[in-house]
Each structure stands twice: as structure tokens, then as C-alpha cells.
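>>> Show me the folded form of this:
(2 chains)
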Amino acid sequence: MRVNMRRGRVGALAIVLSAALAAATACSGDDGKSDSNSANEKITLTVDDFGTFGYQDLYKQFMAQHPNIKVTERNVPKLDDYTPRLQQWIAAGAGAGDVVAIEEGIMVKFKAQPDKFVDLKQYGASSLQGNFLPWKWQGGMSPDGSKLIGLGTDVGSMALCYRRDLFKKAGLPDDRDAVTKLWPTWDDFIKVGQQYTSKVGGKSKFIDSPETYYNTILMQEAGKGSNQTYFDQSNKFVMESNPAVKAAFDETVKMSQAGLANGVQFLSDPWSQGLKKDAFATAPCPAWMLGLIKQFGGDEQQGKWDVAGVPGGGGNWGGSWLAVPTQSKHPKEAAELVKFLTSAQGQIGAFKAANNLPSSLQALNDPAVKAFNNPYFNNAPVGQIYGSTATSLKPVYLGADNQDVRTAVEADLRAIAQGKLSPGSGWSKAVSDAKKASGS
Amino acid sequence: MAVDLRPSPVASRAAPPGGRGWRARLSRLDLKVSPYLYISPFYLLFLLFGLFPLGYTFWVSLHRWEIIGHHEFVGLRNYSRLLTDDQFWNAVVNTFGMFVVATVPQLLLALWLANALNRRLRVQTLFRMGVLLPLVTSVAAVAIVFTQIYGRDYGMANWILHFFGVHKIDWQANRWAAWVAVSTMVDWRWTGYNALIFLAGMQAIPRDLYEAAAIDGASRRQQFWRITVPLLRPTILFVSVISTIGGLQLFTEPLLFNFGYMNGGSLRQSQTVTMYMFENAFNRFQYGYGSAVAWMLFLMILLFSLVNFLLIRRFAGGGEK
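Numbers count the residues shown, from 1 in each chain, chains lettered A, B, ... in the order given. The predicted model follows:
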């Protein structure tokens, strides 16, 4: 009896609550409509991004210049979590921020829906072309070249981060130039790794995860030849016939077979724990990785890391654009914010905060970037290391389903590193998983 | 919410001559219809939030349904593709594997616990409420703590196991280890809840049956198997069906165990059917295919509940013959 009575009361409460909720949502629905363009009205711009963009100080500057605008950021740490959310918002026509960050691996997918994004040319962005690396500017254009969907933020460029203290322990040189000379090629890199493993060994592996190395090598190899990875320019699945993918896959398998890898997923909890606990001695470092290592490594790792050259020549992995979805209620102000954040000054600010390498020519040549030494990474001259190759970077075409396919292939590489998948059958499984993920 | 359907006094006063009959008809209508009206909120809500989504999901599952507007009717092709999809069957095997590994020991343990709690104890209520404690902690917290325990390099489970000479286990990479790990999370949370339901069932069994059995010289064990278990049959059935539904819909624990990655491990070692559904619908945005997975899951749960029902009826019915 008592139970019944209580249930009745809970039921009544639920009804009251749902009625209240309905009333509340009805009210907020009305609020949304009262929108005008008067300059004095207070408006809020929401920025959706992932990882570390280093924009906090820039928001403050922007808000100081535009007292009627408040900028808030919704950050998702992992790109893999961010992408499906953004896709849903864009497709549904609601929910996305006024400014959204789009990473290079998913740009093609979003560019295929140009009507979902504001043409930034309408808001005076045409004149900015000269500010950007030509391919970065081009990457922001819609497929038919008529609309400007995104303005470039950063580019990846490529270097390799290593732990000075652990290298010393393994009897390896710890000076960044000497380290760079250790590994002109990836095979040399593996030999150094074996030396490290035999000296230090145990829980400390040489590489952070198979997939970071795989992506690095893949982007290098693709940049050397076809400029494509899993898909060609017409979005046809070409993974099997593209030597770049096979080469990167095989080289990564070699690392696992040599016992250099941990089989840990990049940016998962074990990865960030491992970073703190000396579980790996190296990680590929596109410029944006510096911010991540600093963020997850924390203060106690200060000065332990350094930045050396990458085996196998330069390349680009990562980098993003900022776009304004048409669903934004304040496209004009949002476009202003995009122009501000991607301006030379904005990119220099982001570089200082998170070391994201500018895609603006002027910013790249600015002394604040060129002469910047990163104290966290033993004062490595990161401005010079990354900046010197940035202007010679070539874009690699990443198809619409790039991220799904990449995730599938990475899982198989991880299984090989874990010893759960035989290296011999790895490639054929990766190809079939990739096909499934792309729906082809 | 409360709709007053009784004729208002004003209306009845304004009624034309012959109002008596009108009134009588109304009150008869009131007698017949209003009970349905009173229970209708549940059915209306069920229709809106239960039946309609079910039907709509089926409709979607008959299409190639992409996120951007494009829908193409494909009949049952999603289902035929599912039948040959090894990733789907892998998820099915995982789900049933974890269901068995989790549920069988859980129900036995719950039965034993309930039996122990059914005796006269000091601070009875404390013990009885205590078994519910794990249930009120959030799943996410449980999963995060357990995932720490099952860490490969720095986890407590491996640290304890190494005293027994067990080599470091990579809990996520090893299929059986992953099943066991996820099952312990499920059991930790639900054993107490099921024990309480069993306990409630046990308390409804008349005491004099036990007294009579004791006079006839039946041991405690005999009393348990001959009296408690057969008379607990409806409760056991209820608990098994609820556990089946819960077990086959397993989602949060394996997801967080895999650090939030929907693929459930490098070789999908602990990906459940719900995770596979989610992966298809909301990571790959193949809504049609994801809906087909959802419907297959629905059918599986129906089928399994039925099998459960028949099995329990036979097993527990033996005592009555």
C-alpha cells in the first residue's frame, strides 16, 4: 500500500514537472525569434572546436573590440567524438555553433554540402586570399570553386618529439640535431628503437601508438607521389592500389614486429596516463601535437621533451578551417570572428598559446613565430623547425569517408601491435574493414 | 492533464426536455468509458514514445537512409546484408557471451544473498538496504573505477594477479578477459537489486510450509530447493526476463570500458549489439542499417525472453509434480 501511494505521488509530480517543462520550452521558443541586427543588442557567438586551438586570449580581444558580443567555446577533446556531433548538427540544421572548426580529414565531407555553410566572400573575405598559403585557401573553397566555406587556421607540418631523459638513459644522444641525424629513414628509426628497447625496455616502449606513426608516414608517402590516400579525387576507393597506404601500413607493422609499440590508442586514457608515466619515448609531432603533449603531460614533464626532425622528409598531417553554418542566427558577426581568428595576428596568437602552426604567410614570417622557442620542449626553436617546411607543403586529398576508413585501419594496426592479429593477414583485413567502413 | 468529463451542472440544466434520459446515458458512459480514460495517459505516452518509434524504426530499416535527406527504399536488403555481416555476428556473440558470463553467476549469487537476508539477522534493514548501494552509484562512475582496476599497465587487477604468477593481461585486447571485466561491472551493480526482488518473493512464501517441512525432518537445503525455489518461480521468471532485456541491451559498461570508443576494441573484442547499432547509426550515419540492427536486437530479446519463460517454467515447475 505504502509503495503504491508513493508511486502515485511520484506520478503526480512527474505530470506537474512535464507540464512545467513544456511551458518552459514554449517560452524559450519565443525568445529565439526575437532577433534583430541592431548593433547594440547583446548577442552570444558559440564556437565549436576540438583538441587545442589556443583561442582563449583571442576571444577576450575580440570581445573588447565588440562590447555587444560574447564569445563562448564548446570544446571536445577528441576529434573522433567531435566529428559525428558536428555532422548531426549540420544535417539537422540546428544545434551547431555560430563558428565551427573543420579538420582537414573531414573537410571534403562538409564541403560536399556547400549550402549548409555561409559563403564567407559575402562578408568581405575575398580580399584575404593573399594572406594564406595558396593550398590552404583553395582547401576552403567549395568543390565548384564558387563559395568560400572556410578560412584556414593552422597546418600540421611535421617533426618528431622525443624524451631527452629517456634517450640519455638508453645511451642515445639527447641533442636535437644529433637525434635528427640518427634517423634519416624510417628503417633507421626502427633500429634506434630496438637499441632503446634493449637498453631501457620493460614498460617503456619506443613509440606512443601505432596509428600516429602510420598517419605520419601515410601523409609523407602520399605527399611524395599521388597526393591521395584511400580515395582518389572522384572519391573512388583506391586504398588497394595506392602504394602510399601499403608502404605506411607495412612500415608500421615492422615497428610492431620489432617490439617498439604498445598497442595503445592515441588520446585514449592509457595513452595520456602513459605519457605521464614514461610509457613511450617518442611521438610524431605535427605542430598541433605540441599543445596536446603539454596539456596531457602536465608540469612535471616540463623540459623532458624535445623536438627533432622526422625521418623520411617533411609532410603535413592535420590543420583546420573555421566555417560559419547557415543555421547561425548571426552570420555577419560570426564571419567577423572567423576573419579575426584566422588573421595573421589571430594565428600568431594561437601559435603562442598552443603552437598551432599558422597557415598565414605573414604570420609564418613574423618574428614572433619564427624566433619562438618553446620552453616546455627544452626551448626547442619550434617556430623555425616547423616554419621552414610549411611553405613547401603540398596538400593531400582526403576523401569524404576518410575518417571512418582511417579509424578502421588504425584498429587493425593496433590489434597487430597487441599481438592479436597476425601481421601476415593484417593488410587484407584492413582493406576489407576499410571497405566496410566506407560503405563501398 | 486531468480532464473533467462529467457534465457540468450548467450544461445539464440547459439540457432539453428528456434530460433525465440524457443524464442517465451520460452517467452510464461515465461508468464505462472513464476507467479507460484514467489509464489512457500511459497508453497514449506508450503509443507516442514506445510504439511509434518502434514502427518508425522498422520503416527506416527498410531504406538506405542517409543523414542528408537522401532516402531510398530497399526492402529487406539491410536485413540480408546483416545476416552476412561478420561484424554484426561478432557483436551478437559478444552480447550473448557477456550476458551468460554476467547473468548466470549474478542470479545464483542474488538467490543465495536473498536466502541469507531472509533469515533473522541483526540490523536487518541495514543489510537489506546495503545490497542496493551499488545500484545508486552512477554507471559512469562504476565503469570508470572498474576500467582503472582493469588497466593493463597500472591496474589493480593485474597487480594482484601477478602475485599468483599470472602474466600481465591486456583486458581490452583479450576477448575473454574483456567479457569477464565487463561482467563484473554489471554484476556489481545489479546483484543486490535482484537479491532484493528475490527476497520480496521469499517473504511472500507462507511460513507454515517451512514449519511443516521442518517437522517432517527436511534440512535447510531441502527446504530451499523443495519449497523456496518452486514457489519463487514467478519471481525467478520476472528477474530472468528483466536481466535478459538488460543484458542484451548492454551498452554503457562496455563503451566506457573501451574508453568511449564505439568499436569496442581493436578487433571489436567487447562490442555489443547496441554499440554496433550506435556505430552504424551515429558514427557512420547509416540510419537504415542501424535501424535494422535495432530491430534484430528487438527480435532477439523477444525470442530470448520466450525461451527463458519456457525454460524456467519447466525447471521450476518440477517441484509441483
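>>> What about the residue of the stretch 1-150 of chain B found nearest chain A, how many residues nearby?
Evaluated by C-beta to the nearest C-beta, the stretch 1-150 of chain B has residue B:67 as its residue closest to chain A, separated by 4.3 Å. C-betas here are computed from N, CA, C, even on glycine. Number of residues near residue B:67 (other C-beta atoms under 10 Å in any protein chain shown) recorded here: 18.
>>> for residue B:86, same thing?
Quick note: residue B:86 (other C-beta under 10 Å) scores 10 neighbours.
>>> just residue A:420 next, same as before
With other C-beta under 10 Å as criterion, residue A:420 counts 18.
>>> Helix or strand for it, just tell me which one.
In the assignment (DSSP states H and E), residue A:420 maps to no helix and no strand.
>>> Chain B versus that one, what's the distance?
5 Å (C-beta to the nearest C-beta, to the nearest Å).
>>> these two touch, right, that residue and residue B:268?
No. Using C-beta atoms under 8 Å, residue A:420 makes no contact with residue B:268, being 10.9 Å away.
>>> Tell me where the stretch 101-250 of chain A has strands.
For the stretch 101-250 of chain A, the strands defined by DSSP state E, counting those that start in this stretch occupy A:150-155, A:160-163, A:205-207.
>>> Ok, chain B next?
All strands of chain B, identified by DSSP state E, fall at B:63-65, B:71-73.
>>> returning to that earlier point: tabulate the strands of the stretch 101-250 of chain A (TSV), appending distance to chain B, mean neighbour count and mean pLDDT.
TSV is the format used below for the strands of the stretch 101-250 of chain A (distance: least, C-beta to the nearest C-beta, whole Å; neighbours: other C-beta atoms under 10 Å in any protein chain shown; pLDDT from 0 to 100):
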stretch	distance to chain B	mean neighbour count	mean pLDDT
strand A:150-155	18	28	95
strand A:160-163	17	23	96
strand A:205-207	10	26	95
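>>> need the ones you listed in JSON lines with distance to residue B:30, can you?
Below are the strands of the stretch 101-250 of chain A laid out as JSON lines (distance: least, C-beta to C-beta, whole Å):
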{"stretch": "strand A:150-155", "distance to residue B:30": "65"}
{"stretch": "strand A:160-163", "distance to residue B:30": "79"}
{"stretch": "strand A:205-207", "distance to residue B:30": "77"}
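>>> can you tell me the residue of the stretch 201-350 of chain A closest to chain B?
residue A:268 (4.3 Å).
>>> From residue B:186, how far off is that residue?
Distance, residue A:268 to residue B:186, using C-beta to C-beta, to the nearest Å: 22 Å.
>>> Repeat that for residue B:94.
Distance from residue B:94 to residue B:186, by C-beta to C-beta: 13 Å.
>>> Please apply the same query to residue B:238.
Distance, residue B:238 to residue B:186, by C-beta to C-beta: 18 Å.
>>> Next: residue A:53.
On the measure of C-beta to C-beta, residue A:53 and residue B:186 end up 39 Å apart.
>>> Residue A:130 now?
Per C-beta to C-beta, residue A:130 is found 60 Å from residue B:186.
>>> In terms of packing, which of these two has more residues around it?
Comparing residue A:130 with residue B:186 by other C-beta under 10 Å, the one with more neighbours is residue B:186, at 24 against 10.
>>> Wait, that one touches residue B:247, no?
Yes. The pair residue B:186 and residue B:247 passes the contact test of C-beta under 8 Å, sitting 7.4 Å apart.
>>> Now for these two: what residues contact both?
B:98, B:102 (C-beta atoms under 8 Å, 6 or more residues apart in numbering or on different chains).
>>> residue contacts, residue B:182?
Residue B:182 neighbours (C-beta under 8 Å, 6+ apart): B:98, B:102, B:250, B:253, B:254, B:257, B:270.
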